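Q: return atomic coordinates for the entry below.
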Amino acid sequence: MNKIIFIAGTLLGVLAIILGAFATHGLKPQLSFDMQQTFETGVKYQMYHAFFLFFLGSLKMLSNKSKRIICYLVLIGVLFFSGSIYGLATNALTNFDFKSIGFITPIGGLILIIAWLLLLINFLKMKFDKS
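A: Numbers count the residues shown, from 1 in each chain. Presented below is the predicted three-dimensional model:
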């Protein structure tokens, strides 16, 4: 399971760098400053969660089942949250109206919050050495 989590984290990170560079260099002339900032928000959250997956994969004290659930939640959350932000930020450049699916942005954010809360719950359930 850890290998899959590390690969997922790496892919999220690589894609965040590619998308960030593309927005900065390729889309800059075509997007307003506000839309550039919106796009950058999606990139930041994607990168934050790439690092989160590296952290998750390195935890030895968490069961594979918990890791798998949290990993899937992170991947779905990033897809919904960052993915919809990318669409909304570039809405003027496409024929598809991403505003019609903008409701998935907060759903993605909620899924990411749930992933973090599940990690917290797992930590709270653990018995730590008090010495």
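Q: so what's Lys28 up against?
A: By Cβ atoms under 8 Å, 6 or more residues apart in numbering, the contact list for Lys28 reads Gln36. The C-beta positions use only the backbone N, C-alpha and C, and glycine is treated the same way.
Q: so what pLDDT did it get?
A: What the model reports as pLDDT for Lys28 is 82.
Q: quick one, what contacts Thr94?
A: Each residue near Thr94 by Cβ under 8 Å, 6+ apart is listed here: Gly87.
Q: show the backbone phi and psi for it.
A: Dihedral angles of Thr94 (phi, psi; degrees, to the nearest 10) stand at phi -120, psi 170.
Q: for Lys65, see how far away it is.
A: Separation of Thr94 from Lys65 (Cβ to Cβ, to the nearest Å) stands at 39 Å.
Q: likewise for Asn91?
A: In terms of Cβ to Cβ, Asn91 sits 39 Å off from Lys65.
Q: for stretch 20-30, output the C-alpha coordinates as CSV.
A: Taking Å, rounded to 0.1, in the frame of the first residue of the first chain, the C-alpha atoms of stretch 20-30 are listed here in CSV:
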residue,chain,number,x,y,z
GLY,A,20,1.7,25.7,-12.0
ALA,A,21,4.3,26.3,-14.7
PHE,A,22,1.7,26.1,-17.4
ALA,A,23,-0.5,28.6,-15.7
THR,A,24,2.4,31.0,-15.1
HIS,A,25,3.9,30.8,-18.5
GLY,A,26,1.2,29.6,-20.9
LEU,A,27,-2.0,31.0,-19.4
LYS,A,28,-0.8,34.2,-17.9
PRO,A,29,-1.6,36.4,-20.9
GLN,A,30,-5.0,34.8,-21.2
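Q: buried residues in it?
A: 20, 23, 27 (16 or more other Cβ atoms under 10 Å).
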